[in-house]
Every structure is written in C-alpha cells, then in structure tokens.
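1. fold the following and give me the result.
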Amino acid sequence: MSASPVIETEGLTKFYGRSRGIIDVSLRVERGEIFGFLGPNGAGKTTTIRLLLDLIRPTRGHARVLGLDPQRNGVEVRRRIGYLPGELALYPDLTGRQIVEYAAHLRGDVSQKEVARLADRLEVDLSRPIRTLSHGNRQKIGILLALMHRPELLILDEPTTGLDPLMQQVLYDLLEEVRAEGRTVFFSSHVLPEVERLCDRVGILREGRLIAVESVSGLKQKALRRIELYFDRPVEPEMFRNLPGVVEVRASGAVLHVALQGNVDPLLKAAAQHTVLNIVTYEPNLEEMFLALYREGGNHVP
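-> Okay, the predicted model is just below:
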C-alpha cells in the first residue's frame, strides 16, 4: 500500500456544547482499500465523516484527506471525493436526470457514458421526479451521484439503507470494482455482515472513541473460537486447561468443548495423544468480535 494515507486523523475530537461527538480519533486509511467504520447509531460515525469533509470543524485535533487539510483545501478535497450522506436530501420536484445533469455541470468532469452505465447497473429510472420515488430508489440516485465522476475516494454513510438484497449485492460489486482500480472506499455501517464481506480493515467506534482498528481476519483471530473434540472415550479436561490460548474447557462424556483464542496447534497436539474421532469448529464472525469489544470496552487500537 502507499506510504501516504488517503485519510489520516490525529486526536480528532468534536464536542457539541457539552455533548460528545467523537474523542481523540486517530486512524489511517490506505489507498486502494475498503475501510469499514463501525458502530451503533450515535457512536460518532457521521460526525467523523462531516469533519473529514469540513462540513463541521473539530474542537481539537486534525485530519488530512488525500494529503490535504480539509479546512484549508475544502473545495479541492470535495472535488476529488464521492460522498453519499446518511440523510440524503434531493430536490423533490426535479427528475433524477435533472439532478444528475445539475451535479455534472457543477463538477465538469462527468462522462455521460458512465452515468448511463451506473443507471443501468443500479436499475434506476432517471426520468421520474424525486418525490415519486421510493426511499430505495432515491438512495440509488445518491449512489450514482457519488460514483459518476470516478472519484479517488468514496465516503459513504450507511450506503445500503433502503436497498433490497439484490441491489445491495450490486453496490457491493461496484465497490469491489472501485477497489480493484486502486481507488479507496471509506464507509460507515452498523450492518456487520456487509462489512465482513467487503472490508479489508475496520475501525470500531464506541461512544465516540476508536476502540479497534484492524483487518477483519485479524479481529477474527482475536475472537474466541469454539471447538468440539470427539474422542473414543472420556478424557481428563485438566490436561487441556493450561494450554496456550485455551480460555475454557468443559467435558461432556467423550466430547471436549473448548473455547480458544489464537493458535489451535497446541490444542491439536495435545488431542493427538488420544484417539480423536471427529473435530467440529465454530469460526467466530465479526458480529461476535464486535459484541466482545463492546463488552470489554476495547483496547485494540495499534
């Protein structure tokens, strides 16, 4: 990855009067990755995005986007970004095509072939007035507006809101194409399966603080893996209790139930001293890791 990050924040903090927005958020998003920004509603995801776009100003700390200071170079930063806000507002009496043409005129760097390609992929009818469209179809126009100028960086706030499952898959395909072209995606979400499916790395917010930044695979490795070992006869659980990474051991007849964090090799070597009939593993998913971090309060930021 490039040594120069696409997004870099240091100690980024925002208070709304006495109310908390975000506190001391420091992260790097590298070129060519899909970075998922996770947290429940109210965690501070949208506040962070608005600070990156200079739509609001920080209480303290700073950010750089595409190597630029958003406060000093806001117009240039926004020119190179595609942005989908969490609360999309479109002129209700204009058609989708009129809104797209208006935005394209302001940008001046939009290919009509690209607009047509995206409209076809998203199955959006640009001839209808916005006020006649469902929430999902309005969202599709917002996605088209964010993508149509082929930006270096896409910043998307809860992009799948209102989309049906088939259209969510279309969006996933489009984002993977953006990554394959070496461009970057930063998107906030509270939908963990889509983040697990798409993202190279994730940042997790808890009450305005960044509690973890890591690859999805790295987070899974830190999560508890549950393993069932089926022996030909009962074994003594104490033999396994002090193995590296073993958190919990419970015997049920000839079945040993183990909760393990990290490398499974020591457990397998110990089990191989007996006759093993079967092994069943239950791999952790991102949702389990997310919930574990929230219970612990988190302490995983590199």
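
2. please count neighbours and contacts with C-alpha atoms only from this point.
-> Fine.

3. residue nearest the middle of the chain, spatially speaking?
-> Nearest to the mean C-alpha position of the chain, counting by C-alpha atoms, centre = their mean, stands residue 36 at 1.6 Å.

4. dihedrals phi and psi, that residue?
-> Residue 36 has phi and psi values of phi -100, psi 130 when expressed as degrees, to the nearest 10.

5. what sits against it?
-> Under the criterion of C-alpha atoms under 8 Å, 6 or more residues apart in numbering, the contact partners of residue 36 comprise 186-189, 195, 199-203.

6. please name the bridge partners of it.
-> Using DSSP bridges, the beta-bridge partners of residue 36 come out as residue 187, residue 202.

7. the nearest residue to residue 216 once chain neighbours are set aside and residue 26: what is the separation?
-> Nearest-residue entry for residue 216: residue 201, 5.6 Å, with adjacent residues in sequence omitted and distances by C-alpha to C-alpha, 6 or more residues apart in numbering. Spatial separation of residue 201 from residue 26 under the definition C-alpha to C-alpha, to the nearest Å is 15 Å.

8. can you check residue 68 too?
-> With distances taken as C-alpha to C-alpha, residue 68 is found 16 Å from residue 26.

9. so between the two, which is more surrounded?
-> Per other C-alpha atoms under 10 Å, whichever of residue 68 and residue 26 has more neighbours is residue 26, with 19 against 16.

10. the more buried one: which element?
-> Per DSSP states H and E: residue 26 is located in strand 19-29.

11. likewise for residue 169?
-> Element membership of residue 169, judged by DSSP H and E, is helix 165-180.

12. quick check: mean pLDDT of that helix?
-> Summarised as a single mean, pLDDT over helix 165-180 is 95.

13. send the alpha carbons of it over as CSV?
-> The C-alpha coordinates for helix 165-180 follow below in CSV (Å, rounded to 0.1, in the frame of the first residue of the first chain):
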residue,chain,number,x,y,z
PRO,A,165,-30.8,-7.5,-1.0
LEU,A,166,-30.3,-7.8,-4.8
MET,A,167,-29.4,-4.1,-5.1
GLN,A,168,-27.1,-4.4,-2.1
GLN,A,169,-25.2,-7.0,-4.0
VAL,A,170,-24.9,-4.7,-7.0
LEU,A,171,-23.5,-2.0,-4.7
TYR,A,172,-21.0,-4.5,-3.2
ASP,A,173,-19.9,-5.4,-6.8
LEU,A,174,-19.4,-1.7,-7.6
LEU,A,175,-17.4,-1.0,-4.5
GLU,A,176,-15.2,-4.0,-5.2
GLU,A,177,-14.6,-2.7,-8.7
VAL,A,178,-13.5,0.7,-7.2
ARG,A,179,-11.0,-1.1,-5.0
ALA,A,180,-9.7,-3.2,-8.0
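
14. what is the burial count for residue 62?
-> Other residues lying near residue 62 total 21 when counted by other C-alpha under 10 Å.

15. tell me the SS of it?
-> Following DSSP: H, G, I helix; E, B strand; the rest coil, the label given to residue 62 is strand.

16. beta partners for it?
-> If you apply DSSP bridges, the partners that residue 62 bridges to are residue 10.

17. buried residues, the host helix or strand of residue 76. List them.
-> When elements are assigned from DSSP H and E, residue 76 belongs to helix 74-79. By neighbour count with 16 or more other C-alpha atoms under 10 Å, helix 74-79 contains the buried residues 74, 77-78.

18. need the CA coordinates for the helix or strand harbouring residue 8. CSV is fine.
-> Using DSSP H and E, the secondary-structure element containing residue 8 is strand 7-16. As requested, the backbone C-alpha atoms of strand 7-16 are provided in CSV (Å, rounded to 0.1, in the frame of the first residue of the first chain):
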residue,chain,number,x,y,z
ILE,A,7,-7.2,9.6,5.2
GLU,A,8,-5.2,10.4,8.3
THR,A,9,-6.6,11.8,11.6
GLU,A,10,-4.8,12.6,14.8
GLY,A,11,-6.6,13.2,18.0
LEU,A,12,-9.7,14.3,16.1
THR,A,13,-12.3,15.5,18.6
LYS,A,14,-15.7,17.1,18.3
PHE,A,15,-18.0,18.3,21.1
TYR,A,16,-21.4,19.8,20.5
